[in-house]
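Colleague: sequence first, then the predicted structure, then my questions.
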Amino acid sequence: MPRALLLHCGDQQLERFVLYQQRWQQAGILPTLRQLMSDFALPARLNQLTDGERRLTNLLHLAELLQQASSHLEGEQALIRHLAEAMADNAAHSSGDESVIRLESDANLIKIITIHKSKGLEYPLVFLPFICSFREVNSANNRYYRYHDEQLNLNIDLGKADAFKTLSDKERLQEDLRLFYVAITRARFACWLGVAPIKIQNSKHSQLEKSAMGYLLDWQAGMPSGALREQLQKLKGTCTSIAINPLPTATADCYVAQQQALPTEEVRATNRIVADHWWIASYSALQTENTTAKNPLTSIEAENYREDKQVDETELTPTTPIAGTGIHGLPKGAEAGVLIHELLEQAAQLGFDSVHKQPQLARQLIENLFKTNIWLHQHDILQQSLQRWLQQPLLTHANLSLSKLSKDQYQAELEFLLGVDTVNTEKLDNLLNQYIYSRHPRPRLLPNQLNGLLKGFVDLVFVHDNRYYVVDYKFNSLGSQDAAYHLPALEAAMLDKRYDLQAVLYLLALHRLLKVRLGSHYDYESHIGGSVYLFLRGTQHPDGGRLLIKPPAILIESLDVLFSAESLTEAC
């Protein structure tokens, strides 16, 4: 929906979750969930609870399981469905081993961490096996020498002169001493230091004096290795908390974890819940008695509005074409309808008003889209028609057209997914027959069971006087003259193609969205304007090729209940 329709901070949150979806598609569900938890400061909020650490561990483990499952599932909806089935399966019986949540905390695990990252943290036991290591400043190890002068100004010597090597190495030792203090103060109970008179760079003598540990031991250059114990003893003094122990003798023995014999269990019978009849359908997949399309249960839902309009614009009963002029002479059929929809969608993206005021921009759009031979001599007619469509009144009671809508008043090609929980198409059809053009004949929906999602693409949603309208463009040919597009003919086409069902489904999607956006302030009668169907070939008829449908509130509310698998009283 456009920003003007989302109210207050709702648009910001929607944009945020659109970015989450893009990250999910590009990087996977695990990094997406981690980013979401970080953005909403979830770890800090959970840690305020008594069981917050357990909850956070559970969430992270769940995110990892979802990432693992996504590797063999196709698409976001498949992963969502997998999670729903896993939750239902877990509620029915105990889960398998892989679902067992890990340790409540990583505090009992061994962590290997740098001294830099350990700052400010605390660990029960700390092992520092390489505390005597150091990285001396010299021309081989450093790209430059870094030191401070007597005025404490930082200096960088790119020439690496020997005169500044000693100063730079002295500051390196100061930093090593600081890190040494950080390291030994991380332990809560005990800290082990690995101390040895190390030799580096093929030196024959110990260079322990260059390390922070050597500095504390007052180690001098040239000291024999045997002097280490004496220096350690001086450092220990009379402190009873310090112990000096030799290294344990190395052996060829390998560590073998204790084996615990697990009791043998009987072979268990599977009790996995078989997935129910769940699928994603579009409006165009709902079959009527006068169609011979493929079984919708085996078809794939329309992935974009072009695929959706391909079926929507198909002529059910093709007849021998009658020669027409002007707009009535333009090509007919699904391909033509898809191109016209795309033309209006691109005009919406650029701004209807901008395209209306700039004929050269409209011409460019037409030339880019209508390139095949059958359209090459129709560009003038298309441009005239486009200008007429942009100026055509949308409503009979208001001086409003597409060209008078600002970009914050509308949203083009709005995609939606409607949850459908075990809906019988005959009940759905009965509701429409009762409340939309009642007592008017129309092809009935074939018996079917809908369960999953209904997917759709709305050509345009706009707001005017605080009322929200759905617009659908139709390029169907009802005849070769303007006179063929009178109101009864439009109504007959609506019922023959079952656009009445399409209009109601689109309004139901808008109804559910506004209930969320407006909350308790939402009222169907005052906020929903209706569904406007524009038969574009008939805009020169006095009726404007325009049909406005606003179903009664009881129909929309009944469908809302029906799609939620709740009981209906008088509606069905």
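Modeller: On my side now, so go ahead.
Colleague: from here on, contacts and neighbour counts on C-alpha atoms
Modeller: Fine.
Colleague: and residue 368, how many neighbours?
Modeller: 9 (other CA atoms under 10 Å).
Colleague: distance check, it against residue 412.
Modeller: As defined by CA to CA, to the nearest Å, residue 368 lies at a distance of 20 Å from residue 412.
Colleague: wait, is residue 38 part of a helix?
Modeller: Yes: in this structure, residue 38 lies within a helix as judged by DSSP: H, G, I helix; E, B strand; the rest coil.
Colleague: how much space between it and residue 60?
Modeller: Computed as CA to CA, the residue 38 to residue 60 distance reads 12 Å.
Colleague: any regions of the stretch 101-250 of the chain where pLDDT drops low?
Modeller: Across the stretch 101-250 of the chain, the ranges flagged by pLDDT under 70 are 101-109, 201-202.
Colleague: to clarify, my last question referred to the chain.
Modeller: Across the chain, the ranges flagged by pLDDT under 70 are 1-11, 91-109, 201-202, 257, 259-262, 272-277, 284-285, 291-323, 565-572.
Colleague: what segments of it are strands?
Modeller: Listed in chain order, the strands of the chain (DSSP state E) span 123-128, 145-148, 154-157, 187-193, 279-282, 393-395, 398-401, 410-424, 449-464, 467-474, 528-535, 546-549.
Colleague: in TSV: these, plus mean neighbour count.
Modeller: Formatted as TSV, those follow (neighbours: other CA atoms under 10 Å):
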stretch	mean neighbour count
strand 123-128	16
strand 145-148	19
strand 154-157	12
strand 187-193	14
strand 279-282	21
strand 393-395	19
strand 398-401	13
strand 410-424	19
strand 449-464	21
strand 467-474	21
strand 528-535	22
strand 546-549	20
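Colleague: which residues in the stretch 101-250 of the chain form helices?
Modeller: Per DSSP state H, counting those that start in this stretch, the stretch 101-250 of the chain carries helices over the ranges 115-118, 162-184, 212-216, 228-236.
Colleague: circling back to that earlier point, reformat the strands of the chain as JSON lines; add distance to residue 42.
Modeller: Listed next are these as JSON lines, based on distance: least, CA to CA, whole Å:
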{"stretch": "strand 123-128", "distance to residue 42": "24"}
{"stretch": "strand 145-148", "distance to residue 42": "42"}
{"stretch": "strand 154-157", "distance to residue 42": "41"}
{"stretch": "strand 187-193", "distance to residue 42": "28"}
{"stretch": "strand 279-282", "distance to residue 42": "33"}
{"stretch": "strand 393-395", "distance to residue 42": "47"}
{"stretch": "strand 398-401", "distance to residue 42": "47"}
{"stretch": "strand 410-424", "distance to residue 42": "28"}
{"stretch": "strand 449-464", "distance to residue 42": "30"}
{"stretch": "strand 467-474", "distance to residue 42": "36"}
{"stretch": "strand 528-535", "distance to residue 42": "37"}
{"stretch": "strand 546-549", "distance to residue 42": "46"}
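Colleague: tell me which of those lies nearest to residue 263.
Modeller: When those are compared for distance to residue 263 using CA to CA, the nearest one is strand 123-128, at 34.5 Å.
Colleague: so what strands line up beside that closest one?
Modeller: strand 187-193 (parallel) (DSSP bridges).
Colleague: and the partner strand, how far out from the chain middle?
Modeller: The chain centroid and the centroid of strand 187-193 are separated by 45 Å under CA atoms, centre = their mean, to the nearest Å.
Colleague: ok and it relative to helix 162-184, angle-wise?
Modeller: With axes from the mean of the first three to the mean of the last three CA atoms, to 10 degrees defining the directions, strand 187-193 sits at 130 degrees from helix 162-184.
Colleague: thanks again, I'm all set now.
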